[in-house]
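quick one, structure for this:
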Amino acid sequence: MLGPDAVFPHSASGRPRGGHPVTLDLRSSSPHAVRWLPPDDPVPGAPRVVLADRAARGEFAALQAALHRLGVPTVRLDAAHAAAPPAGRDGGPRGRHDSLGLTITLDGGSPDSGLLTMDGRRFRPSVVWARGPMPREIPGAPGPAGPLISADSWAALVGQLAVLAPAALPGPRAGRLAQLAGAAAAGVRTPRTIVTTDPAAAAALPGDRLVVKVLDEHFVETAPGRLVGLLPEIVDRDALVRRPPPGFPMIVQEYVEHDLELRVYYLAGDLRAFAVAKPAPDALWRDPAGVSVRATPVPPRAAAAVRRLARDWGLAFGAFDLLLAAGDVVFLEVNADGDWRWFEARAGTRAVTAAAASMVRALHLNAPRAAAPPPIGGVLDFLLLGTEAM
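So this is what the prediction gives:
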């Protein structure tokens, strides 16, 4: 899920209509471009984890709080407010109206090379985790192309901060065609698929029901903070072949009858999973109350498939969507920026947040350090996290 504030189109009967766009509101009321934990800066130049996302999404707020309990210093950058006035050390705005002050030193002959100065604080990134989608534009930038250039520049910076850190998350973001081809090459079953601009080509696929989805991201940003998406849908084959061409390539897949749908989170080798039951592919957005979610162990064959694909694609984090069908594992797709807080809330657990915090802490402690030796990890992580591990 990208956020709770969704506006859904409805038919005359008042029920959501499949195949029509939905709008998500990712605008944030927060005036702060950055959040520091701890708020003070006791050791200038010391390693710190960088988390970059939109503040309207809740994953990194929960992760930052968990890392703080584990003693890991972090800075959370709201990518949608990078041009906003920076916050002071007391958490309030400084009153300046320029963009977030930022300087990166890249001088191989200097001991300061690789240091990042942000909002007046100097540190060395140990882990950089950036989640998409980045903003389409940043309001308030001067000139006709200013909002787009500003957003593109901040997105480029966030994407390239990884060169400063020993560890970067989530890893490469392969497109859906590359994912399907890679899974098939690894011996993992995938739905029979065509990509076409002509719905009539779907007649070549088996079955009376077919799944239709877009080729790239489900959502595009039509205005700052407003994302409009075309969501996957199940369509009768005869109805689909009669549709007029959409004017762009789309994915059409066979509908796979299955016993169980899984959302499996891969976290640097660790796995957390949820069993998901929903009446339609887009029900998470259109009818969340009709979706059932429960935490579940990962079946061995599914675990082997996820670990194999994550290794092949160089992923440190990914949200894998799988089906279990008559003993087979069927790969649908993986989202390297997949949300997890909605699934946790529905299942009554914080297991993914705890696993993510443990993963980031381990990466942070493995980074070169100028301070004292790291504390003992393992079980201590979960004791410090408290209810985050529940």
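
what residues sit buried inside stretch 246-257?
By 16 or more other C-beta atoms under 10 Å, the buried positions in stretch 246-257 come out as M250, I251, V252, Q253, E254, Y255, V256. The C-beta positions use only the backbone N, C-alpha and C, and glycine is treated the same way.

endpoints of it, how far apart?
27 Å (C-alpha to C-alpha, to the nearest Å).

and what of stretch 222-239?
The straight-line separation of the ends of stretch 222-239 (C-alpha to C-alpha) is 29 Å.

same check on stretch 189-205?
OK, stretch 189-205 end separation, C-alpha to C-alpha: 16 Å.

which residues are in contact with it?
For stretch 189-205, the surrounding residues in contact (C-beta atoms under 8 Å, 6 or more residues apart in numbering) are 177, 180, 183-184, 206, 210-211, 215, 237, 240-256, 325, 328-332.

the stretch 51-200 of the chain: helices as residue ranges?
59-69, 146-160, 176-185 (DSSP state H, counting those that start in this stretch).

can you tell me which of the buried residues of stretch 246-257 are in strands?
M250, I251, V252, Q253, E254 (DSSP state E).

from G207, how far out is the last one?
In this structure, E254 and G207 are separated by 5 Å, where distance is defined by C-beta to C-beta, to the nearest Å.

state the distance from G247 to R307.
For G247 relative to R307 (C-beta to C-beta), the value is 39 Å.

same check on S113?
Using C-beta to C-beta, S113 is found at 36 Å from R307.

buried residues, stretch 71-80. List them.
Within stretch 71-80, the residues that count as buried by 16+ other C-beta under 10 Å are V72, P73, T74, V75, R76, L77, D78, A79, A80.

right, I mislabeled it, should have said stretch 220-228
The neighbour-count check on stretch 220-228 (16+ other C-beta under 10 Å) flags E221, P224, G225, R226, L227 as buried.

if we can go back for a sec, and the ones in strands among the buried residues of stretch 246-257, which is closest to R48?
I251 (40.3 Å; C-beta to C-beta).

quick check: D339 vs L240, distance?
Remark: distance between D339 and L240 (C-beta to C-beta) = 29 Å.

what's the burial count for R346?
Around R346 there are 18 other residues, counting by other C-beta atoms under 10 Å.

give me the element it is part of.
R346 belongs to helix 341-347 when assigned by DSSP states H and E.

which helices and strands does that helix pack with?
On a contact count with 3 or more C-beta pairs under 8 Å, 6 or more residues apart in numbering; DSSP states H and E, helix 341-347 meets strand 270-277, strand 292-296, helix 351-366.

out of those, which gets nearest to G101?
Nearest of the helices and strands packed on helix 341-347 to G101, taken as C-beta to C-beta: helix 351-366 at 24.2 Å.

and that closest one, which residues are buried?
Using 16+ other C-beta under 10 Å as the test for burial, helix 351-366 gives 351-365.

where in the stretch 101-250 of the chain is pLDDT low?
Applying pLDDT under 70 to the stretch 101-250 of the chain flags the ranges 133, 136-142.

go again with 80.
For the stretch 101-250 of the chain, the stretches flagged by pLDDT under 80 are 101, 107-112, 132-148, 150-151, 154-155, 159, 217-230.

give me the residue at the spatial middle of this structure.
The residue lying closest to the centre of the chain (C-alpha atoms, centre = their mean) is D337, at 1.9 Å.

and it, what does it touch?
D337 touches R131, G132, P133, P170, R173, counting by C-beta under 8 Å, 6+ apart.

distance of the first one relative to G159?
This points to R131. As judged by C-beta to C-beta, R131 and G159 stand 11 Å apart.

ok, the two, which is more surrounded?
Using other C-beta under 10 Å, the more surrounded residue of R131 and G159 is R131, with 21 against 15.
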